[in-house]
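K.L.:
quick one: sequence plus predicted model below, questions after.
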Amino acid sequence: MAILQLNDIRKTFHPGTVNEKRALDGITLDVDAGEFITIIGSNGAGKSTLFNAICGSFAVDAGSITLDGRDITDMPDYKRSYDIGRLFQDPMKGTAPHMTIEENMALAYCRKASKSFFAVNKKDSAYFRELLAQLDLGLEDRMKTKIGLLSGGQRQAVSLLMSTISDPKLLLLDEHTAALDPATAKKVLGITVDIVEKTKTATMMITHDIRAALELGTRTIMMDEGKIILDIKGEERAGMTVDDLLNLYSRESKKQLANDRMLFSTQKE
Amino acid sequence: MTLLILGAVQLGLIYALMAMGNYISFRILNIPDLTVDGAFALGMAVSVMTAATGHPILALGCAALAGAAAGLVTGLLQTRVGINPILAGVLTMTALYSVNLFIMDGKANQSLFGHDTVFSLVEGLGLSKNISRTVVVAVIAVLVAAALAVFFKTRPGMAIRATGDNEEMVRSSSINADASKCIGFALANACVALAGGLVCQYNQSADTGYGSGMLVVGLASVIIGEAVLGHGGVTRGLYAVLTGAVLYQLIIALALKVELLPAYGLKFVSAAIVAIALAMPKIKSSVKNILKKHGKAGV
């Protein structure tokens, strides 16, 4: 059954001006429960815009968005976020720096937390401690530390826990490892896969690493100029190599992939 | 001299309430709120008119409610209509000037002489004037600080703190950032107006012009408190503000006593304290750079 249904979503920024930009041009997509979709495409293809549309950062011009059978097209962003966990590229975006690890997690835990008077309480904290211990970063002993004092990778790992702690129906990862050093990125990606596999949350992940896009997850879609130009899963995807994908991109978008970042990241580290 | 110090402590404890309001908007929500000047005078106006009918305790409650309403207006102007936060505060403050005059029957001054105040009520219990005054303001200031400290540990309170700390995160979590801001501003200005209401009963008079410059006085208190007790969690911050407000009034009282400056120099000094304190990080790094350069040149 589809958890998320996008039906012909359209969005044009600055319509009627010289800066007119058709950011989403008729996106139709069904995301099934338990699916882990990787999304690739050059800069400006509309990947992040798609996430913004799903999260309600702006109202779409046309089309409808359905999450778990409920039409959320006109729902304000903060209400949608009950069911959608989201992670950004910038590790600073996902956490409140002047609040402690514990307080940040308590904030994220609002939906399932105990009905206690204080937001931080013993029972929830014990659970947070358990979750943090699974990260294997030693953070479980630093729960009273302000999050601003952690490294980018640590912050991103905590953000990841926070965005999945309330069992969202959908998890959106917007290049969440791109700002981290390679070793940390690998670690955070590993944690991501663990969490997604364990919680079976339907997940969409934007990445510039084509290799990772093919290796991780169950389905890969490619976007260009606001459209989905490729959507592969199952056997077709299993047999796909990075070169195949690049060739497909050139054929579908009728242009060479001229994005240094994308090309670089296809090379072995 | 003892009286001078006692008077300064009493005023400091009252102004601490206002400074806590400033702390909520300036430090917790991270938005300077210019409603304060108007909200302070609003608290005075509401307090004087209500107390004059013979209900001094009710007067304080009404003052706080009126302040909350003023803060809510500023919050709505920012979040619903999208007006720049500074301008939203200025607009509310300006409008309040007329509102305050309206409340005070069109008169710029109102006296409370001959009417009961919360202070005279406590005095009626058999305490001396100075003791009753100190007890009343100390109890109210500590209670409000404690209540705020508790509130900012509850879920709505944490939501407000998070909104000021990282609005983007709050928007992508399930917290209504706009509502958090509105509640924060309402709470902040309720504190400010409560302080205004108390000052009015303390002085037994209200003046529509009394509020001007209060924002700066409050910020100076916040900054002095943080300089003494340091930055920390919200609870520590609130008590730092309380200490800062008392210290500020003591400094001012002493400066006036030794005639270091004329009474009209007060606002200048307050503004200078705030400007210097806010400039401190920049000054420190410049001095460091200069020292570094000279150090290298020396080698």
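P.N.:
It's in. Keep in mind that this is a model prediction, so the values were computed, not measured.
K.L.:
any regions of chain B where pLDDT drops low?
P.N.:
Where chain B drops to pLDDT under 70, the residues are B:296-299.
K.L.:
roughly how far is the host helix or strand of residue A:50 from the heart of the chain?
P.N.:
If you go by DSSP states H and E, residue A:50 is part of helix A:47-55. Computed by C-alpha atoms, centre = their mean, to the nearest Å, the chain-centroid distance of helix A:47-55 equals 10 Å.
K.L.:
just want the angle from the helix or strand following it to helix A:47-55.
P.N.:
As assigned by DSSP H and E, the chain's next helix or strand after helix A:47-55 is strand A:62-67. Orientation of strand A:62-67 against helix A:47-55 (axes from the mean of the first three to the mean of the last three C-alpha atoms, to 10 degrees) gives an angle of 70 degrees.
K.L.:
which residues sit against strand A:62-67?
P.N.:
Residues from elsewhere that reach strand A:62-67 (C-beta atoms under 8 Å, 6 or more residues apart in numbering or on different chains): A:2-10, A:26-27, A:53-54, A:71-73, A:80, A:83-84, A:169-170. Where C-beta positions appear, they are placed from N, C-alpha and C, glycine not excepted.
K.L.:
swap in 7 Å and give it another go.
P.N.:
Strand A:62-67 is contacted by residues A:3-10, A:54, A:71-73, A:83, A:169-170 when judged by C-beta atoms under 7 Å, 6 or more residues apart in numbering or on different chains.
K.L.:
you'd agree residue A:53 is up against residue A:13?
P.N.:
No. Residue A:53 lies out of contact with residue A:13 (C-beta atoms under 7 Å); the separation is 11.7 Å.
K.L.:
so which of those two has more stuff around it?
P.N.:
Set residue A:53 next to residue A:13 and count neighbours by other C-beta atoms under 10 Å in any protein chain shown: residue A:53 wins out with 24 against 14.
K.L.:
identify the residue spatially nearest to the more buried one, adjacent ones excluded.
P.N.:
The shortest distance from residue A:53 to any non-neighbouring residue, by C-beta to C-beta, 6 or more residues apart in numbering or on different chains, is to residue A:60 (5.3 Å).
K.L.:
for the one you found, give me its contacts.
P.N.:
Counting by C-beta under 7 Å, 6+ apart, residue A:60 makes contact with A:9, A:10, A:11, A:53, A:73.
K.L.:
please convert the buried members of those residues into PyMOL selection syntax.
P.N.:
Here is the PyMOL command that selects the buried residues among the contacts of residue A:60 (16 or more other C-beta atoms under 10 Å in any protein chain shown):
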select buried, chain A and resi 9+10+11+53+73
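K.L.:
reformat the contacts of residue A:60 as a markdown table; add secondary structure.
P.N.:
Listed next are those as a markdown table, based on DSSP: H, G, I helix; E, B strand; the rest coil:
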| residue | secondary structure |
| --- | --- |
| A:9 | strand |
| A:10 | strand |
| A:11 | strand |
| A:53 | helix |
| A:73 | coil |
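K.L.:
from the contacts of residue A:60, pick the one nearest residue B:70.
P.N.:
Using C-beta to C-beta, residue A:73 comes nearest to residue B:70 of the contacts of residue A:60, at 36.6 Å.
K.L.:
what residues does the closest one make contact with?
P.N.:
Residue A:73 neighbours (C-beta under 7 Å, 6+ apart): A:60, A:64, A:65.
K.L.:
go again using 8 Å as the cut-off
P.N.:
Residues in contact with residue A:73 (C-beta under 8 Å, 6+ apart) are A:60, A:63, A:64, A:65, A:66.
K.L.:
show the buried residues in those.
P.N.:
A:60, A:63, A:65, A:66.
K.L.:
which among those gets closest to chain B?
P.N.:
Nearest to chain B among those, counting by C-beta to the nearest C-beta, is residue A:65 at 16.2 Å.
K.L.:
mind checking pLDDT for the nearest residue to the closest one once chain neighbours are set aside?
P.N.:
Excluding the flanking residues, the one nearest residue A:65 by C-beta to C-beta, 6+ apart is residue A:73, at 4.9 Å. Looking at residue A:73, its pLDDT is 93.
K.L.:
can I assume residue B:196 is in contact with residue B:48?
P.N.:
No. Residue B:196 is beyond contact range of residue B:48, at 9.7 Å (criterion: C-beta atoms under 8 Å).
K.L.:
which of those two has more residues huddled nearby?
P.N.:
residue B:196 (35 against 28).
K.L.:
what's the spacing between that one and residue A:210?
P.N.:
63 Å (C-beta to C-beta, to the nearest Å).
K.L.:
mean pLDDT per helix and strand in chain A: which one sits at the bottom?
P.N.:
helix A:260-264 (a mean of 48; mean pLDDT, DSSP states H and E).
K.L.:
before we move on, back to that, where does confidence bottom out across the contacts of strand A:62-67?
P.N.:
Per-residue pLDDT puts residue A:83 lowest of the contacts of strand A:62-67, at 88.
K.L.:
what's the neighbour count on that residue?
P.N.:
Neighbour tally, residue A:83, other C-beta under 10 Å: 20.
K.L.:
where exactly do the helices run in the stretch 51-200 of chain B?
P.N.:
According to DSSP state H, counting those that start in this stretch, the stretch 51-200 of chain B carries its helices in the segments B:56-79, B:85-103, B:118-123, B:129-151, B:155-165, B:167-172, B:177-203.
K.L.:
how about these in CSV, adding distance to chain A?
P.N.:
What follows is the helices of the stretch 51-200 of chain B, written out as CSV (distance: least, C-beta to the nearest C-beta, whole Å):
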stretch, distance to chain A
helix B:56-79, 12
helix B:85-103, 19
helix B:118-123, 30
helix B:129-151, 8
helix B:155-165, 4
helix B:167-172, 5
helix B:177-203, 7
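K.L.:
residue 134 - nearest residue in space that isn't next to it in sequence?
P.N.:
If you meant another chain, say so; for now it's chain A. Counting by C-beta to C-beta, 6+ apart, the residue nearest residue A:134 is residue A:194, at 7.9 Å.
K.L.:
try again with chain B
P.N.:
Going by C-beta to C-beta, 6+ apart, residue B:134 has residue B:10 as its nearest residue, at 5.7 Å.
K.L.:
no further queries at this time; thank you.
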